[in-house]
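Undergrad: Got a sequence here, can you model it:
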Amino acid sequence: MSKICLCLTGKTLSQDLDLIKKYRKYIDMAELRVDCLEPDERLFIRHFPEQAGIPVILTIRRTIDGGYFEGGEGYRVTLLSRGLAFAEVDKRHNFAYVDLEEDLDVPGLEEAVRTFGTRIIRSAHYCDGMGNITQKVKNLRRIGDEIAKVVVMPRNLQDVLAIYKAGQETPGTEKIIIGLGDFGINTRILAERLGSFLTYTSAIEESPDFMKQSVLGAPGHINPREMEETYRFREINAATDIYGIVGFPLITSYSPRIFNTVFSREKIDAVYVPFPAKSLDFFLELAAELNIKGASVTTPYKEEIIPRLSKVSESLRIAGACNTIKAIPLEDDSGGWIGANTDALGFSEALLQFLDKKNFRKQRITVIGAGGAARAVVSEIFRLKGKCLILNRNPVRARDLALKYGYKWGGLDSQALDTMERYSDIIIQATPVGTFPNTDEDPFTQYNFNGHETVMDLVYNPPLSSFLKRAVTSGCLVLNGLDMLIRQAKYQYQYFFERDFPEQIIKQLLWTLKENYD
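TA: Predicted structure coming up:
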């Protein structure tokens with residue numbers, strides 16, 4: 001089973017020991033990144049394994065390999081030797097592993113290391129690209145007891161597919177294969193699928209004061225607590241079903257926390273993983289390779305995915321946008337994907353409960369946006385008898401959507417203000433504008449709230465977008481998109497598994513996710 005390794009990047013050994021203590025129950029081992037230590041601290045690394053009380057990897061990463069060590073090779077070898085010197089009979093007092101790059105040739109040091117039971121991780125780093133991963137894994141080790149480690153920087157999900165294929169093509173080889181950056185996060189979570197010996201994590205949720213004293217171990221690291229509690233890393237095996245979310249850039253999605261919480265509660269052997277994608281086709285290729293069972297579809301692919309579906313549900317036909325896809329079993333048909341829309345019901349259920357209403361009769365509503373989410377929203381307003389004005393930065397898209405329902409439309413400009421005032425019982429912001437990290441953005445600054453409006457913004461991170469902040473200041477009732485997110489996920493779960501969602505968990509999810517705002 002793959003292990004969780006905490007990458008220690010503090011400036012002092014004391015800080016690193018504090019991190020081990022904090023995360024001890026989530027990790028199996030640690031990597032001491034000596035290159036991150038202050039120069040004086042590097043002189044005292046020899047006794048760190050004994051103090052740590054868990055297996056420790058000794059690493060001094062050079063800048064050319066993505067690290068922070070800027071000294072010469074002679075000094076680096078001296079530091080490695082110092083950390084490995086005077087090995088004790090009790091192996092727990094020695095470094096369990098040492099990471100040596102493929103071009104480092106120090107036979108005397110390596111012989112001494114093996115004599116006292118420290119294993120060598122032989123590493124190759126492609127921080128700006130991919131290389132031939134399979135060949136590198138096969139040829140990297142100098143003798144059989146070494147662990148081959150290949151680190152690459154995938155630029156898209158096609159590169160990620162090559163990582164998984166390399167894992168499949170090197171069975172029986174003790175190895176670590178890692179994809180850096182946002183595209184590679186799924187390879188860290190699914191390390192067991194790669195046959196990877198371990199996955200690396202960092203203490204990235206630490207306080208600002210601590211982060212001033214440390215650096216991120218590598219692009220794409222996540223916190224060990226999140227790795228274990230959210231993704232249930234130690235429970236992932238060859239039989240674990242994979243679900244996920246596809247979109248770009250997926251910086252703020254809470255969907256993994258929602259689905260993995262439900263999977264844990266319902267004892268479902270499945271994991272829900274983020275797949276940021278610059279190309280839908282690359283994602284679908286990867287989905288076939290990993291046998292992904294289902295996925296949430298988010299910005300910007302809710303319309304683009306539709307021509308790639310083998311079947312569409314009635315909910316998708318009505319909404320004209322797809323936020324949910326499920327794999328069609330080969331034994332049932334010729335394979336492919338069936339798509340659905342759960343945004344629509346998630347939206348109306350959340351807003352109607354907030355308003356304590358059963359429908360939108362006598363409500364004159366403005367919807368800002370004309371993309372996939374807005375299409376679902378407008379379809380529900382129509383179904384529930386509301387009147388609607390659709391405004392969009394590109395008025396042609398607003399017109400095309402409005403004509404389907406006989407609604408009014410316009411651009412996000414001063415000409416729309418008079419009409420908007422007549423459609424201001426409810427205002428719904430249905431674009432990604434204002435989402436973290438671009439929290440200062442506001443989709444329609446020209447509109448001045450007067451306090452009588454109910455305002456909903458589908459953005460949920462931050463909890464109060466710039467748009468909602470202006471509404472609150474004017475005295476409006478406001479609702480962000482978190483409740484809708486959970487409720488549309490409820491319907492996705494029912495679509496994926498054809499069974500009821502545990503309704504009692506909705507309040508728990510709302511409370512848990514709102515904690516992230518504090």
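
Undergrad: Backbone dihedrals for Leu477, please?
TA: phi -80, psi 130 (degrees, to the nearest 10).

Undergrad: thought it was touching Val455?
TA: Yes - contact criterion C-beta atoms under 8 Å: Leu477 and Val455 qualify, at 7.2 Å. All C-beta spots, glycine's among them, are computed from the backbone N, C-alpha and C.

Undergrad: Settle it for me: which of those two has more neighbours?
TA: Legend: neighbour count by other C-beta atoms under 10 Å for Leu477 and Val455, higher for Val455 (23 against 15).

Undergrad: Checking the more buried one next. Helix, strand or coil?
TA: At Val455 the chain is in strand, as set by DSSP: H, G, I helix; E, B strand; the rest coil.

Undergrad: Look up which helix or strand the residue nearest to it when sequence neighbours are not counted falls in, please.
TA: Among residues not flanking Val455 along the chain, Ala471 sits closest, at 4.1 Å (C-beta to C-beta, 6 or more residues apart in numbering). For Ala471, the host element (DSSP states H and E) is helix 466-473.

Undergrad: Enumerate the positions of that helix that are buried.
TA: The neighbour-count check on helix 466-473 (16 or more other C-beta atoms under 10 Å) flags Ser466, Phe467, Leu468, Lys469, Arg470, Ala471 as buried.

Undergrad: Heading C-terminal from that helix, find the next helix or strand.
TA: Following helix 466-473 in sequence, per DSSP H and E, is strand 477-479.

Undergrad: Which strands and helices lie in contact with whichever helix or strand comes after that next one?
TA: Using DSSP H and E, the helix or strand that follows strand 477-479 towards the C-terminus is helix 482-497. On a contact count with 3 or more C-beta pairs under 8 Å, 6 or more residues apart in numbering; DSSP states H and E, helix 482-497 meets helix 255-265, strand 294-297, strand 324-327, helix 343-355, helix 505-515.

Undergrad: Give me the angle between helix 482-497 and helix 255-265.
TA: Inter-element angle recorded for helix 482-497 and helix 255-265: 50 degrees (by axes from the mean of the first three to the mean of the last three C-alpha atoms, to 10 degrees).

Undergrad: Report the buried residues of helix 482-497.
TA: 482-493, 495-497.

Undergrad: got a list of contacts for that helix?
TA: 243, 254-255, 258-259, 262, 268, 293-294, 296, 323-324, 326, 340, 342-343, 345-347, 349-351, 353-354, 458, 460, 463, 500-501, 503, 506, 509-510, 513-514 (C-beta atoms under 8 Å, 6 or more residues apart in numbering).

Undergrad: among those, which ones are buried?
TA: 243, 254-255, 258-259, 262, 268, 293-294, 296, 323-324, 326, 340, 342-343, 345-347, 349-351, 458, 460, 463, 501, 506, 509, 513.

Undergrad: now the helices for the stretch 301-450 of the chain?
TA: Assigned helices in the stretch 301-450 of the chain, in chain order: 314-319, 343-355, 372-383, 395-405, 417-422 (criterion: DSSP state H, counting those that start in this stretch).

Undergrad: packing partners for the second one?
TA: Read that as helix 343-355. Other helices and strands packing on helix 343-355, by 3+ C-beta pairs under 8 Å, 6+ apart, are helix 314-319, helix 372-383, strand 426-429, strand 454-457, strand 477-479, helix 482-497.

Undergrad: Of all those, which one comes closest to Leu104?
TA: helix 482-497 (47.9 Å; C-beta to C-beta).

Undergrad: Can you give the distance from that closest one to the centre of its chain?
TA: Distance of helix 482-497 from its chain centroid, counting by C-alpha atoms, centre = their mean, to the nearest Å, is 18 Å.

Undergrad: again, but for stretch 52-71
TA: Worked out by C-alpha atoms, centre = their mean, stretch 52-71 lies 25 Å from the chain centre.

Undergrad: In this structure the residue nearest to Val455 contacts Val478, no?
TA: Yes - with contact defined as C-beta under 8 Å, Ala471 reaches Val478; the gap is 5.1 Å.

Undergrad: and for these two, which residues touch both?
TA: In contact with both Ala471 and Val478: Val455, using C-beta under 8 Å, 6+ apart.

Undergrad: where does the residue lying closest to Gln51 once chain neighbours are set aside fall, phi/psi-wise?
TA: Leaving aside its chain neighbours, Gln51 sits nearest to Leu17 (5.9 Å; criterion: C-beta to C-beta, 6+ apart). Dihedral angles of Leu17 (phi, psi; degrees, to the nearest 10) stand at phi -70, psi -40.

Undergrad: For Leu17, give me the pLDDT.
TA: pLDDT for Leu17: 98.

Undergrad: next one: Gln508
TA: 86.

Undergrad: now Gly369
TA: Looking at Gly369, its pLDDT is 97.

Undergrad: picking up where we left off before, counting neighbours, what do you get for the residue nearest to Gln51?
TA: Leu17: 17 surrounding residues under other C-beta under 10 Å.

Undergrad: which residues does it contact?
TA: Going by C-beta under 8 Å, 6+ apart, Leu17 touches Phe48, Gln51, Ala52.

Undergrad: Of those residues, keep whichever come out buried.
TA: Phe48, Ala52.

Undergrad: Restricted to helices, list the contacts of Leu17.
TA: Judged by DSSP state H, the contacts of Leu17 include Phe48, Gln51, Ala52 as members of helices.

Undergrad: Need those residues in a markdown table (columns: distance to Asn448 and pLDDT).
TA: Shown next, in a markdown table, are those (distance: C-beta to C-beta, whole Å; pLDDT from 0 to 100):
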| residue | distance to Asn448 | pLDDT |
| --- | --- | --- |
| Phe48 | 61 | 98 |
| Gln51 | 61 | 97 |
| Ala52 | 59 | 98 |
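
Undergrad: could you dump stretch 303-312 to PDB, C-alpha only?
TA: Below are the C-alpha coordinates for stretch 303-312, written out as PDB (Å, rounded to 0.1, in the frame of the first residue of the first chain):
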ATOM      1  CA  GLU A 303     -22.200  23.000 -23.200                       C
ATOM      2  CA  GLU A 304     -19.100  21.700 -24.900                       C
ATOM      3  CA  ILE A 305     -19.500  18.200 -23.400                       C
ATOM      4  CA  ILE A 306     -22.900  17.600 -25.000                       C
ATOM      5  CA  PRO A 307     -21.800  16.600 -28.500                       C
ATOM      6  CA  ARG A 308     -19.500  14.000 -27.000                       C
ATOM      7  CA  LEU A 309     -22.300  12.200 -25.100                       C
ATOM      8  CA  SER A 310     -23.700   8.900 -26.400                       C
ATOM      9  CA  LYS A 311     -27.000   9.600 -24.600                       C
ATOM     10  CA  VAL A 312     -28.700  12.600 -22.900                       C
END
